[in-house]
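>>> need coordinates for the following:
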Amino acid sequence: MPTAKPPAKPRKRTPMSPQHKAALAKGREEGRAVRTYLDALQAQKPRRGRRRTKESITKRLATIEAKLPNAESLAKLGLLQERENLQAELRQLSANADLSELEKQFVKVAKEYGERKHIGYAAWKAIGVSPAVLQKAGITRSAKG
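Residues are numbered from 1 along each chain as shown. This is a model prediction of the structure:
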């Protein structure tokens, strides 16, 4: 019969240094800035079909509101769902209308974040970051990830 190992001694936790805590906080902030900007870029990415504008969505919402009072139950259900979808799309358009602040935050941290995570120019470009933004951030084609 094999002998059982004695229970392992609990490992003593060493407290994190203030520098380590600051580095972790900095990494979280940089990651948040990069993720927020990339998410906004993905949300604004052109999709197939005719592009909707705020005006066209507002016009369709007005049409739906006019049809709702006299619609039969199944048609009403469809109109209510379409109204909900259009309102969400309108909120999304408004939220993503101005990327400038997100871009500023991204530009401040992208180079250091990319160097630390070994992310090169091609990967940034492939996910949708424009060459102009990469240039502002100091990320060049020759920068190796």
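>>> so what touches the helix or strand where residue 103 lies?
Using DSSP states H and E, residue 103 sits within helix 100-117. Helix 100-117 has contacts (CB atoms under 8 Å, 6 or more residues apart in numbering) with 27, 29-31, 33-34, 36-37, 40, 119-120, 124, 129, 133-134, 136-139, 143, 145. Glycine gets a C-beta too; all of them are placed from N, C-alpha and C.
>>> show me the domain layout of this structure.
52-97, 99-145 (automatic domain parsing).
>>> got the residue ranges for the helices in this protein?
Secondary structure of the chain by DSSP state H: the helices cover 18-44, 54-67, 73-96, 100-117, 121-127, 131-137.
>>> just send these back as CSV, with mean neighbour count and distance to residue 3 too.
Output for the helices of the chain, formatted as CSV (neighbours: other CB atoms under 10 Å; distance: least, CB to CB, whole Å):
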stretch, mean neighbour count, distance to residue 3
helix 18-44, 14, 40
helix 54-67, 12, 73
helix 73-96, 12, 64
helix 100-117, 17, 46
helix 121-127, 14, 52
helix 131-137, 16, 60
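>>> just put these in TSV and tack on mean pLDDT and distance to residue 7.
Below are the helices of the chain laid out as TSV (pLDDT from 0 to 100; distance: least, CB to CB, whole Å):
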stretch	mean pLDDT	distance to residue 7
helix 18-44	90	30
helix 54-67	94	65
helix 73-96	88	54
helix 100-117	92	39
helix 121-127	94	46
helix 131-137	94	52
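>>> go ahead and flag the most central residue of this protein.
Most central in the chain under CA atoms, centre = their mean is residue 39, positioned 1.8 Å from the mean C-alpha point.
>>> I'd like the distance between that residue and residue 83.
26 Å (CB to CB, to the nearest Å).
>>> residue 56 now?
On the measure of CB to CB, residue 56 and residue 83 end up 14 Å apart.
>>> then residue 48?
Residue 48 is 23 Å from residue 83, by CB to CB.
>>> check residue 13 too.
In terms of CB to CB, residue 13 sits 55 Å off from residue 83.
>>> and what of residue 45?
Between residue 45 and residue 83 the distance is 25 Å, computed by CB to CB.
>>> try residue 117
42 Å.
>>> repeat for residue 142
51 Å.
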